[in-house]
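A.B. asks: Sharing a model that was predicted from the sequence below.
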Amino acid sequence: MSPVSVIVRYEARTVRERQHRISVLVAGALAVSALFAVPASGQDGTGVEELRLRGAAHDPGPRPDPASAIPSPVPGLNANEAALFRESLLRVSELEGTCDSCAQQPQNTLPIDPDPSNPFSPGRLVNSAGMGPIFNADQCFICHSQPQIGGGSPRVNPAQLIAHRLGGTNVVPVFEETNGPFREVRFKFKPDGSRDGGVHSLFTVQGRADAPECTLPQPDFRAELQRRNVAFRIPLPLFGLGFIESIQDKAILLNMDENVGLKRALGIVGHPNIVPNNGTISRFGWKAQNGSLNIFAGEAYNVEMGISNDLFPISRSEEEGCNLAFEPFDVPRTETELYDNPLKIMPAWLMFTEFMRFVDVPRPVPLSTAAQRGKDLFSGIGCALCHTPSFKTRGTPHPQLPSEEIGPKTVALRGQTVNLYSDLLLHHMGARLADNIVQGDAGPDEFRTTPLWGLGHRLFFLHDGRTADLLVAIRDHRSTAHSDGGDNPAKDARSFTYGPSEANAVIERFETLPEESKQAILEFLRSL
């Protein structure tokens, strides 16, 4: 039976059956139930119920997860695009090992573990290859699974599972808490004092059955933490990125120049991160450091899973006895049985691009009366000056004439309103959010305005996942000039040098609102 027919049959099951399958797929792999929400609490540890009784604003918490962990494709894809999307789901769910001969089940076939009717990933048996000596994860969706495949950090941190897969002898770093977000690590400076900023992989293949000769140690994270040389990042949701890719640069610049007088009066500036190769606007990643979905995908395979590919052909570590894959590994496939199949010839990293391009946007719920009022207040106090509610992609959704064949190559992405709630620009956020990492034009306290769509299902907030409380995340946007950094886990000796956050005036407006008005804004945000 083909993967496509199994997927179709799988999606046709009852909701109860699908929930059971998903518990095997995601909850079984991560030892987490998809039916329990992370409770929000006050900044002082006060419980939600007590805040409610006091009449104080509080995070209403994440909405229940969808019945299925399988995301939907963009509506209106043609048959070939839909086939690519289905194939991409199989690819992003592959469990990686170091070499072809190490695979525990056949590649490019339906998994036999943990459930014969599960059309996606095995929970334990390796069915793919190419992982390098150092890595953060061994499977795309293990870190991108909340509330569906392609989402953000899951409820239960998968670090323990990843660290010890196939007998791995890795020590899980102290910052990877069981019920906290999955965090990758960047070091701010090198031992010689020059800037670093690169990802330092959490794990190595030491002790694994598929790399028996490898003794490569992990970085000394404890020492770097003591030096305050560590900055954290958590996985970003991948939904709707094809629409963000389709927004024209000139639309971003036009929006940047709108309401410029009001923005300046509030201390809001903002600027794009520019791709150095061609001068276009970069827009993906926490600091908008990646200029395209291709770069985003190729970097993820190389940096997060250690898999060399067309874009990043050299392994990040060439330690003898640990590097068992070809280099580059993930390139167009020339094996006869794969080359002759149009869905299999493309390398996995490129199929990851197709997944991000074709996966649908997060869908909000209908607004309650309070949430509608919160939406108005959100704009009224100035939040929407950075969290721009929407852009529109170029072209005609249903072209009838050759002259209308403009915009994205994918017709389904043309002429669409993109309700992302971001201006895709960089903003100075001050010491409370600064991570002291420089990426392109993004300075040490600058971040891209994070898109808010899908916020209703997110469990952890801000780039480092420091809080599960939406109200805390809002308040952490405020940072006075020369602050000590407050609750920022990355604060260091430089914290006192940063200027004020561009969000200060807006957050001050938020704080002057009555509690019921703050609550309305929180209800609106959780509806997205």
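C.D. replies: Arrived safely, thanks for sending. Numbering: from 1, shown residues only.
A.B. asks: how much space between Leu424 and Ile281?
C.D. replies: With the distance defined as Cβ to Cβ, to the nearest Å, Leu424 ends up 7 Å from Ile281. Where you see a C-beta, it was placed from the backbone N, CA and C, and this is true even at glycine.
A.B. asks: cool, Thr98 as well?
C.D. replies: On the measure of Cβ to Cβ, Thr98 and Ile281 end up 38 Å apart.
A.B. asks: Tell me the predicted confidence for the residue nearest in space to the middle of the chain.
C.D. replies: For the chain, the residue nearest the mean C-alpha position is Leu236 (1.5 Å; Cα atoms, centre = their mean). As summarised for this prediction, Leu236 has a pLDDT of 97.
A.B. asks: I figured it hits Gly152, correct?
C.D. replies: Yes - at 6.7 Å, Leu236 counts as touching Gly152 under the criterion of Cβ atoms under 8 Å.
A.B. asks: hmm, back to that, show me what contacts the residue nearest to the centre of the chain?
C.D. replies: Going by Cβ atoms under 8 Å, 6 or more residues apart in numbering, Leu236 touches 152, 285-286, 450.
A.B. asks: now with 7 Å?
C.D. replies: With contact set as Cβ atoms under 7 Å, 6 or more residues apart in numbering, Leu236 has these partners: 152, 286.
A.B. asks: hang on, it in a helix?
C.D. replies: No - assigned with DSSP: H, G, I helix; E, B strand; the rest coil, Leu236 falls outside any helix and is coil.
A.B. asks: one step back: and Thr98 and Ile281? which has more neighbours close in?
C.D. replies: Between Thr98 and Ile281, counted using other Cβ atoms under 10 Å, Thr98 has the larger neighbour count: 29 against 21.
A.B. asks: where's the more buried one relative to Phe326, distance?
C.D. replies: From Thr98 across to Phe326, the span is 11 Å (Cβ to Cβ).
A.B. asks: can you give me the strands for the stretch 101-250 of the chain?
C.D. replies: 134-135, 184-187, 203-204, 230-233 (DSSP state E, counting those that start in this stretch).
A.B. asks: Out of the ones you listed, indicate the one that is most buried.
C.D. replies: strand 203-204 (a mean of 26; mean count of other Cβ atoms under 10 Å).
A.B. asks: In the chain, which residue sits furthest out from the middle?
C.D. replies: Quick read of the chain (Cα atoms, centre = their mean): farthest out is Leu401, 37.8 Å.
A.B. asks: Could you measure from it over to Arg414?
C.D. replies: Where Arg414 is concerned, Leu401 sits at a distance of 13 Å (Cβ to Cβ).
A.B. asks: Kindly report the same for Phe312.
C.D. replies: From Phe312 to Arg414 the distance is 31 Å (Cβ to Cβ).
A.B. asks: now do Val275
C.D. replies: Remark: distance between Val275 and Arg414 (Cβ to Cβ) = 23 Å.
A.B. asks: more crowded one of these two?
C.D. replies: Per other Cβ under 10 Å, whichever of Val275 and Arg414 has more neighbours is Arg414, with 22 against 19.
A.B. asks: ok, that one touching Glu404?
C.D. replies: No - the criterion here is Cβ atoms under 7 Å, and Arg414 misses it with Glu404 at 8.8 Å.
A.B. asks: Now the common contact residues for those two.
C.D. replies: Joint contacts of Arg414 and Glu404 (Cβ under 7 Å, 6+ apart) are Thr396.
A.B. asks: what's around Leu254, how many residues?
C.D. replies: 11.
A.B. asks: does it count as helix, strand or coil?
C.D. replies: Leu254 ends up helix, using three-state DSSP.
A.B. asks: can you pull the pLDDT of Leu53?
C.D. replies: 59.
A.B. asks: whoops, Ala31 was the one
C.D. replies: 31.
A.B. asks: which residues of the chain score low on pLDDT?
C.D. replies: 1-53, 105-124 (pLDDT under 70).
A.B. asks: Tell me which stretches of it form strands.
C.D. replies: For the chain, applying DSSP state E gives strands covering 134-135, 184-187, 203-204, 230-233, 273-274, 281-282, 391-392, 417-418, 426-428, 446-448.
A.B. asks: I'd like to know which of those strands is closest to Ala163.
C.D. replies: Judged by Cβ to Cβ, the one of the strands of the chain that comes nearest to Ala163 is strand 203-204, at 5.6 Å.
A.B. asks: So in that sheet, which strands flank that closest one, and in what orientation?
C.D. replies: Applying DSSP bridges, strand 203-204 is found paired with strand 134-135 (antiparallel).
A.B. asks: Give me the distance from the partner strand to the chain's centre.
C.D. replies: 19 Å (Cα atoms, centre = their mean, to the nearest Å).
A.B. asks: Same question for stretch 222-231.
C.D. replies: 24 Å.
A.B. asks: so how far is the first residue of that stretch from its last?
C.D. replies: End-to-end span of stretch 222-231 (Cα to Cα, to the nearest Å): 13 Å.
A.B. asks: Could you do stretch 479-496 as well?
C.D. replies: 11 Å.
A.B. asks: re earlier: any chance of a markdown table for the strands of the chain, columns distance to Leu262?
C.D. replies: Output for the strands of the chain, formatted as a markdown table (distance: least, Cβ to Cβ, whole Å):
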| stretch | distance to Leu262 |
| --- | --- |
| strand 134-135 | 46 |
| strand 184-187 | 35 |
| strand 203-204 | 48 |
| strand 230-233 | 32 |
| strand 273-274 | 24 |
| strand 281-282 | 23 |
| strand 391-392 | 19 |
| strand 417-418 | 23 |
| strand 426-428 | 15 |
| strand 446-448 | 21 |
